[in-house]
Each structure stands twice: as C-alpha cells, then as structure tokens.
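[1] 3D, please:
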Amino acid sequence: MSLRTVLAAAAIALTLGACSRAGEMDYLGGIRVARSTCPAVGVPAYTGDITLFDPPQSRDASAIDVTATITNLRTTCDETSGPDVIATTTFDVVARRRDATAPRQVVLPYFVTVVRGGNVVVAKRISRVALNFAAGQDRAQTTGQGSSVIARSAATLPEDIRTQITRKRKPGEQDAAIDPMSEPGVRAAVARASFEQLIGFQLTPDQLQYNATR
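    Numbers count the residues shown, from 1 in each chain. Okay, the predicted model is just below:
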C-alpha cells in the first residue's frame with residue numbers, strides 16, 4: 001500500500017468523528033475523534049531519497065556520488081483565522097558524499113504538492129535546497145520548507161454529510177449496523193473534503209525507477 005493511500009485512509013478515518021469532542025468515549029464504546037481541516041502531511045513512496053551517480057549513467061554501487069534523505073517533518077497549521085487553512089512544513093535533508101576532499105555545494109530540487117481526495121493534484125511547487133560540504137567532511141545537513149493554502153470551505157464537510165456520519169444509531173435500529181461510509185455519496189463528499197500536503201525530491205524518471213527497484 002502506498003503512502004498516499006495510507007494518508008487518504010487516515011483522513012477518512014478522522015472524518016468519522018467530525019462533530020464529536022476529542023478524547024471522549026462514546027456511549028456505544030467508541031472513541032470520539034475531532035476532524036481537522038488541516039491536511040495530512042507525508043512523503044510519497046520512493047520520493048524521500050535521492051542518489052546521484054558519477055558517472056551519471058552508471059548504477060553501480062561504486063559509482064554512488066551523493067545520497068540524500070528527507071526526514072523529520074514538522075508541521076504547523078492555522079485553521080482558526082480567515083477563509084483559508086494554511087499549513088507550513090519544515091523538514092531536514094541529510095546527505096552523504098563519496099569524495100570528501102574539497103568543499104562542495106550540492107543543490108537538490110524538491111516538490112510540495114497539495115492532493116485532494118487522494119488522487120487529484122490541485123497545486124504543486126518546485127523548490128531547491130543547498131547542501132554545503134566542508135573540506136574533509138562527507139556529511140551535510142540543511143532545512144527545507146513548504147506551505148500550502150487550502151480554502152476552508154473546500155476542506156469542510158457539508159452539514160448534511162456530517163449529520164449523516166455522526167448521527168447516533170441505537171441497537172435494534174434498521175441502519176444501526178450500516179457503515180455510513182459505505183454510501184457512495186458520503187464517500188465522495190469525504191474525499192472532496194480531504195487534503196494532503198506531500199513533500200519529496202523532484203526525481204527524474206531514471207531516479208524514480210532506481211528508488212522503486214533497488
């Protein structure tokens with residue numbers, strides 16, 4: 001299962017408690033969870049690492065020049081003021097090089113993408129981070145950042161859908177055992193209101209294939 005699928009599933013799961021108070025036990029034994037309009041944040045599969053080769057056409061382990069990894073994502077989200085939800089994620093890029101003889105700067109591209117409903121890209125921005133290796137050092141680290149702006153109205157479930165999902169169902173009622181998420185209209189509404197902020201290296205097709213098959 002890909003990270004994107006996992007994040008989408010998590011967003012849907014959070015929606016089930018849209019109108020509940022967080023941390024309380026439901027009288028039927030469930031746990032109430034408050035849904036947030038903030039996007040889920042993560043790194044898509046195969047895009048969290050990048051490998052540079054020298055010579056570039058080689059894929060031998062002995063030709064690995066630089067490797068880098070995105071790690072330690074930290075997100076702040078403002079969903080309390082104005083018509084937009086603003087999520088800002090800071091992350092670290094840690095890298096290692098083969099030849100530590102001379103000082104060197106390596107610039108790597110990364111993307112910040114906003115995905116709606118698990119598969120619809122609504123925004124994408126390409127940025128770059130610079131890693132500075134000092135002479136004699138084979139490791140370097142830097143920090144990157146990405147932000148997304150999502151309309152609060154788009155990330156909020158319609159009132160009728162919230163009511164349908166959170167309505168308390170008593171044992172013995174005809175629809176007590178029916179999962180409201182099994183209804184196509186409810187699933188579609190939840191998907192439309194679910195957003196993800198995805199961050200990863202902007203890889204070439206060859207680099208992506210290398211990550212997926214190594």
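[2] ok, T89 - contacts?
    41, 73-75, 112, 145-147, 197, 199 (C-beta atoms under 8 Å, 6 or more residues apart in numbering). For the C-beta atoms, the positions are set from N, CA and C on the backbone; glycine is no exception.
[3] flag the shaky bits of the chain, pLDDT-wise.
    Applying pLDDT under 70 to the chain flags residues 1-35, 167-182.
[4] residue ranges of the strands in it, please?
    40-42, 49-53, 64-78, 84-97, 104-116, 120-133, 139-151, 195-201 (DSSP state E).
[5] ends of stretch 128-140, what's the gap?
    15 Å (C-alpha to C-alpha, to the nearest Å).
[6] so what touches it?
    By C-beta under 8 Å, 6+ apart, the surrounding residues in contact with stretch 128-140 are 68, 93-98, 100-110, 141-144.
[7] could you pick out the buried ones from those residues?
    68, 93, 95-97, 104, 106, 108, 110, 142, 144 (16 or more other C-beta atoms under 10 Å).
[8] may I see the residues you listed organised as TSV, with distance to T204 added?
    Putting the buried ones among the contacts of stretch 128-140 into TSV (distance: C-beta to C-beta, whole Å) gives the following:
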residue	distance to T204
A68	14
V93	18
A95	18
R96	20
R97	19
R104	21
V106	15
L108	12
Y110	13
T142	21
G144	19
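[9] follow-up on the earlier one: so which of the strands of the chain is the most packed in?
    Comparing those by mean neighbour count (mean count of other C-beta atoms under 10 Å), strand 195-201 ranks first with a mean of 24.
[10] could you check the angle it makes with strand 120-133?
    30 degrees (axes from the mean of the first three to the mean of the last three C-alpha atoms, to 10 degrees).
[11] now do strand 195-201: which elements does it pack against?
    With contacts taken as 3 or more C-beta pairs under 8 Å, 6 or more residues apart in numbering; DSSP states H and E, strand 195-201 sits against helix 3-15, strand 40-42, strand 64-78, strand 84-97, strand 104-116, strand 139-151.
[12] could the contacts of T89 go into JSON lines alongside distance to P184?
    Shown next, in JSON lines, are these (distance: C-beta to C-beta, whole Å):
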{"residue": "V41", "distance to P184": "28"}
{"residue": "L73", "distance to P184": "33"}
{"residue": "R74", "distance to P184": "37"}
{"residue": "T75", "distance to P184": "32"}
{"residue": "V112", "distance to P184": "31"}
{"residue": "Q145", "distance to P184": "38"}
{"residue": "G146", "distance to P184": "33"}
{"residue": "S147", "distance to P184": "34"}
{"residue": "Q197", "distance to P184": "27"}
{"residue": "I199", "distance to P184": "31"}
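[13] how about the contacts made by D84?
    If you count contacts by C-beta under 8 Å, 6+ apart, then D84 has 149-152 around it.
[14] what is the most widely separated pair among those?
    Pairwise distances among the contacts of D84 were taken by C-beta to C-beta; the largest, 10.2 Å, belongs to V149 and R152.
[15] between those two, what contacts are shared?
    Joint contacts of V149 and R152 (C-beta under 8 Å, 6+ apart) are 84-85.
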